[in-house]
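Participant: Attaching a predicted model along with its sequence, questions to come.
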Amino acid sequence: MNSFFKAVRDFLTDYLPNRRGRSPHTVQSYRDTLKLLIAFLRESKNLKLTKIDFNIFDTDLIYEYLDWLKHNRKCGTTTINQRITAIRSFFRYAADRDCALIALSQEIDKKIKATKAEGKIADCLSETALQVFLA
């Protein structure tokens with residue numbers, strides 16, 4: 001088993017639930033993020049599972065993945081931000097296990113940032129409603 005998939009397994013089955021105490025829903029969400037990352041690599045990059053390892057990753061590839069989520073999977077800003085959190089957490093975990101991945105993890109932390117979700121514009125209150133509210 002290559003180091004990437006071993007890290008994925010340990011991250012999802014031991015680190016998140018046991019050491020970090022994350023809920024089953026959080027673990028499932030992070031699992032979905034990594035599963036989609038693998039699907040992106042297989043579909044968009046035509047990579048076989050045997051070719052997926054840490055040496056293929058850089059911030060450009062992560063940006064391509066996020067674009068794929070937005071355009072191909074039609075994910076909204078909130079979902080993409082959650083995926084960013086999961087990716088950053090996974091690569092920090094991997095760097096803690098293997099010092100050769102520290103530079104990659106730091107680069108991802110530095111460059112891959114969540115974006116601000118567009119706020120919803122509230123309807124204006126009528127003058128009467130505003131007076132009632134203030135009273």
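Facilitator: Received, thanks. All values derive from a computational prediction rather than experimental measurement.
Participant: Which parts of the host helix or strand of residue 88 count as buried, going by neighbours?
Facilitator: Taking DSSP states H and E as the criterion, residue 88 maps to helix 77-97. Within helix 77-97, the residues that count as buried by 16 or more other Cβ atoms under 10 Å are 79-91, 93-95. No exception for glycine: its C-beta is placed from N, CA and C like everyone else's.
Participant: for this structure, what are the low-confidence residue spans?
Facilitator: Regions of the chain meeting the criterion pLDDT under 70 cover residues 1, 117-123, 135.
Participant: picking up where we left off before, how far out from the middle of the chain is the helix holding residue 88?
Facilitator: Relative to its chain's centre, helix 77-97 lies at 4 Å (Cα atoms, centre = their mean, to the nearest Å).
Participant: What's the separation between residue 6 and residue 14?
Facilitator: 11 Å (Cβ to Cβ, to the nearest Å).
Participant: swap that for residue 43, sorry
Facilitator: Computed with Cβ to Cβ, the distance linking residue 43 and residue 14 is 29 Å.
Participant: do the same with residue 89
Facilitator: 14 Å.
Participant: next one: residue 71
Facilitator: The spacing between residue 71 and residue 14, counted by Cβ to Cβ, is 34 Å.
Participant: ok, and the closest non-adjacent residue to the residue nearest in space to the middle of the chain?
Facilitator: Nearest residue to the geometric centre of the chain (Cα atoms, centre = their mean): residue 83, 2.2 Å. Nearest in space to residue 83, with sequence neighbours left out and distances taken as Cβ to Cβ, 6 or more residues apart in numbering, is residue 33 at 4.8 Å.
Participant: cool, residue 73 as well?
Facilitator: The shortest distance from residue 73 to any non-neighbouring residue, by Cβ to Cβ, 6+ apart, is to residue 36 (7.2 Å).
Participant: Counting neighbours, what do you get for the one you found?
Facilitator: 18 (other Cβ atoms under 10 Å).
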